[in-house]
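Undergrad: structure, please.
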Amino acid sequence: MTAYQLIIAPAAKSDLKEIYQYGLRHWGQRRSKRYLSHLKNQFWMLTEQPLVGTECSDILQNIRSLTVESHTLFYRVTANKVEVIRVLHGRQDPNRYLK
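TA: Here you go, the predicted model:
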């Protein structure tokens, strides 16, 4: 099976920066980097198993989600790409951020 190409949308990149900065302030650099690395490893896993997440068509068409610890990855799968569109904390309302 060929891996899908990974695309990280600008909004998801911004989410990752905010997650890192929050972690840095609250838990320190080492733990923040480790958490961010864990999230990014899940991005790469999606390129091998893109349908592992849950379909979220009630939120937005052709969107899937995967919960990773305190955050949820929202992504879109096309013929040969996985596009991570947002990385939201479990307390954030996806309807507000994905519409």
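Undergrad: for the most centrally placed residue in the chain, I want the exact helix or strand it lies within.
TA: The structure's the chain has its C-alpha centroid closest to L73; by CA atoms, centre = their mean the separation is 2.8 Å. L73 is located in strand 71-77, with elements delineated by DSSP states H and E.
Undergrad: the residue nearest to the residue nearest to the centre of the chain when sequence neighbours are not counted - how many residues pack around it?
TA: Excluding its sequence neighbours, the residue lying closest to L73 (CB to CB, 6 or more residues apart in numbering) is L66, at 4.7 Å. C-beta here means a position set from N, CA and C on the backbone, and glycine is covered the same way. Per other CB atoms under 10 Å, the neighbour tally for L66 reads 19.
Undergrad: going forward, count from 56.
TA: OK, 56 is where the count begins now, so the last one is L121.
Undergrad: partner strands of the helix or strand hosting L121, with direction?
TA: Assigned by DSSP H and E, L121 belongs to strand 119-123. If you go by DSSP bridges, strand 119-123 pairs up with strand 109-110 (antiparallel), strand 126-132 (antiparallel).
Undergrad: any idea of the mean pLDDT in that strand?
TA: The predicted model gives strand 119-123 an average pLDDT of 96.
Undergrad: please apply the same query to stretch 80-95.
TA: pLDDT averaged over stretch 80-95 gives 95.
Undergrad: can I get it as CSV, trimmed to CA atoms?
TA: Output in CSV follows, covering the C-alpha atoms of stretch 80-95 (Å, rounded to 0.1, in the frame of the first residue of the first chain):
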residue,chain,number,x,y,z
ARG,A,80,4.0,27.8,29.6
HIS,A,81,2.4,25.0,31.7
TRP,A,82,4.6,22.0,31.6
GLY,A,83,8.0,23.1,30.2
GLN,A,84,9.9,22.6,26.9
ARG,A,85,10.6,18.9,27.2
ARG,A,86,7.0,17.8,27.8
SER,A,87,5.6,20.3,25.2
LYS,A,88,8.0,19.0,22.5
ARG,A,89,7.2,15.4,23.4
TYR,A,90,3.4,16.0,23.1
LEU,A,91,3.8,17.9,19.8
SER,A,92,6.0,15.0,18.5
HIS,A,93,3.2,12.5,19.5
LEU,A,94,0.7,14.6,17.6
LYS,A,95,2.9,14.7,14.5
